[in-house]
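Participant: model this:
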Amino acid sequence: MNHRRLYKLFSLLTLTTLLNLPVIGQAFAQTPVVHAVLFYSPTCGHCHYVITEVLPPLFEQYGDQLQLMGVDVTTANGQALYQSAVQRFEIGEDRRGVPNLIVDDHVLVGSIQIPEEFPGLIEEYLDAGGVDWPDIPGLAEAVQANDEARAAATAQAAEAGVDEPLTVEAVDVASSETAASGDLMSKLQRDPVGNGIAIVVLIGMIVVIVQALRRTLITKAGGPALGGGLTGWRSWGVAAFGVLGLLVSIYMTYVETTQTTAVCGPIGDCNAVQQSAYAMLFGTLPIGVLGLVGYAAILIAWAGSRWGQASLRSLAEAALFGMALFGTLFSIYLTFLEPFVIGATCAWCLTSAICMTAILLLQLGTPSIQPGPAGQTTQAEATS
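Facilitator: You can find the predicted model right below:
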């Protein structure tokens, strides 16, 4: 089966249908059989990899002996079942996220652990005679609903004189983006506190960008240079926020490159953000790596503006301002995606956005406009 179509089919599996993938077999599964449940999100890049790259070879190898149910955690019922699994298997905070595959009492998380361990578990349980569905509260009802839906499809096919039962392969499906989409309010309500904080931060960044553009115009008109020499507490403030942003980027890079579950804290759902398609720039470069390079370059420029040769200091300050301006604009884009597109907020991402915005803000100073000689206007910057 085409991988793209497989993902589209899988993205539609919710508790209202919970249909087995068509490559798995339908009414009469052979024994022994391994049963497993995969919790996923249609917007999760790691889930997409597991569904399109990891599972198809296993389906082709084991056929009817591998039965797998997909549960979309972005739906209300899917999230309820996932929370039941979290409580039943005592899944810790650091291992919560998708893709999350459960077979028997084994909980596999992420697009590294699943391909590494799931094939071995399949062989182990087949040798032992198979294994039933995981003991997740509410899953039995879901399985029953699945069986009833399949029986109804079979009956409809028989009435229509069709030899083969109707399968999900014959159903017109929508794209994963359509399946994952919802109205704006439903996305905001997934994490009202975290998304509310993200919106406040977003507004603050926009205000700083407007101020930066205003100061740029003042400078071009003959006013004080941006940064005003960047001395005193403002200079050390830039360094402090640069180091903090660098540390955050190092951790985000670790999470994204190793595909491990992040420690999120009490607010937001950073794993939903880190495992979304937007965690990779152009689908290849992790955003954390981009931040790491950006903050490293900012600290180098800051050091040059403070201790470099006199002829290079102004150039270093200009580079510092340019990188902070670009970083803040890019942070506005990323922060907008969290509440309005993904429906979840990453505390680590917000911390990085605040650091970048603070670096830009500290370079703006406080310009004032005073009347000059002969009615002309001159601009001066208040010293810090």
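Participant: how near is the nearest residue to Gly130 once chain neighbours are set aside to Val103?
Facilitator: Closest residue to Gly130 apart from its sequence neighbours, by C-beta to C-beta, 6 or more residues apart in numbering: Pro32 at 3.1 Å. For every residue, glycine as well, the C-beta is placed using N, CA and C. Distance, Pro32 to Val103, using C-beta to C-beta, to the nearest Å: 13 Å.
Participant: Same question for Ala358.
Facilitator: 46 Å.
Participant: Packing partners of the host helix or strand of Leu246?
Facilitator: Counting by DSSP states H and E, the element that carries Leu246 is helix 232-258. The contact analysis (3 or more C-beta pairs under 8 Å, 6 or more residues apart in numbering; DSSP states H and E) places helix 232-258 against helix 270-274, strand 285-286, helix 287-307, helix 347-362.
Participant: Relative to Val107, which of the ones you listed is closest?
Facilitator: helix 270-274 (14.5 Å; C-beta to C-beta).
Participant: just checking, what packs against the helix or strand just after that closest one?
Facilitator: Sequence-wise, the next helix or strand downstream of helix 270-274 (DSSP H and E) is strand 280-281. Under the contact criterion of 3+ C-beta pairs under 8 Å, 6+ apart, strand 280-281 touches helix 287-307.
Participant: what's in contact with the helix it packs on?
Facilitator: Residues outside helix 287-307 that contact it (C-beta atoms under 8 Å, 6 or more residues apart in numbering): 227, 230, 235, 238-239, 242-243, 245-246, 248-257, 278-281, 312-313, 315-317, 319-320, 323-324, 327, 334, 352, 355-356, 359.
Participant: can you map out the helices along the chain?
Facilitator: Using DSSP state H, the helices assigned to the chain run over residues 3-11, 45-49, 55-62, 76-88, 110-127, 139-159, 176-180, 184-190, 192-220, 232-258, 270-274, 287-307, 310-337, 347-362.
Participant: separation between the residue lying closest to Ile354 once chain neighbours are set aside and Trp236?
Facilitator: Spatial nearest neighbour of Ile354, excluding adjacent residues (C-beta to C-beta, 6+ apart): Val201 at 6.3 Å. Distance, Val201 to Trp236, by C-beta to C-beta: 23 Å.
Participant: More neighbours: Pro32 and Val103, which one.
Facilitator: Legend: neighbour count by other C-beta atoms under 10 Å for Pro32 and Val103, higher for Val103 (23 against 13).
Participant: how about the more buried one, what does it touch?
Facilitator: Applying C-beta under 8 Å, 6+ apart, the residues near Val103 are Val34, His35, Ala36, Val37, Phe118, Leu121, Ile122, Tyr125, Val131, Pro134.
Participant: and if you look at Ala272?
Facilitator: Counting by C-beta under 8 Å, 6+ apart, the residues that Ala272 touches are Ser41, Cys44, Gly97, Val98, Ile342, Gly343, Ala344.
Participant: So it versus Cys47, what's the distance?
Facilitator: Per C-beta to C-beta, Ala272 is found 11 Å from Cys47.
Participant: Overlap of the contact sets of the two?
Facilitator: Listed as contacting both Ala272 and Cys47 by C-beta under 8 Å, 6+ apart are Ser41, Val98.
Participant: Residue nearest the middle of this structure, spatially speaking?
Facilitator: The residue lying closest to the centre of the chain (C-alpha atoms, centre = their mean) is Val273, at 2.1 Å.
Participant: Now do the phi/psi pair for the nearest residue to it once chain neighbours are set aside.
Facilitator: Nearest non-adjacent residue to Val273, counting by C-beta to C-beta, 6+ apart: Cys346, 3.8 Å away. Dihedral pair for Cys346: phi -110, psi 120, per degrees, to the nearest 10.
Participant: thought Cys346 was touching Glu338?
Facilitator: Yes: Cys346 lies in contact with Glu338 (C-beta atoms under 8 Å); the separation is 6.5 Å.
Participant: Which phi and psi values does the residue nearest to Gly130 adopt?
Facilitator: phi -70, psi 160.
Participant: In contact with it, which residues?
Facilitator: Gln65, Tyr125, Leu126, Ala128, Gly129, Gly130 are the contacts of Pro32 under C-beta under 8 Å, 6+ apart.
Participant: any idea how far it is from Glu123?
Facilitator: Pro32 is 11 Å from Glu123, where distance means C-beta to C-beta.
Participant: Let me know the closest of the contacts of Val103 to Ser111.
Facilitator: Phe118 (11.1 Å).
Participant: The closest one against Val50, yeah?
Facilitator: No: counting by C-beta under 8 Å, Phe118 stays clear of Val50, with 9.1 Å between them.
Participant: Spit out the residues that contact those two alike.
Facilitator: With C-beta under 8 Å, 6+ apart as the test, Phe118 and Val50 both reach Leu101.
Participant: Show me the beta-bridge partners of the nearest residue in space to Tyr125 that is not next to it in sequence.
Facilitator: Once flanking residues are discounted, Tyr125 sits nearest to Val131: 4.3 Å by C-beta to C-beta, 6+ apart. Note on Val131: beta-bridge partners by DSSP bridges are Val34.
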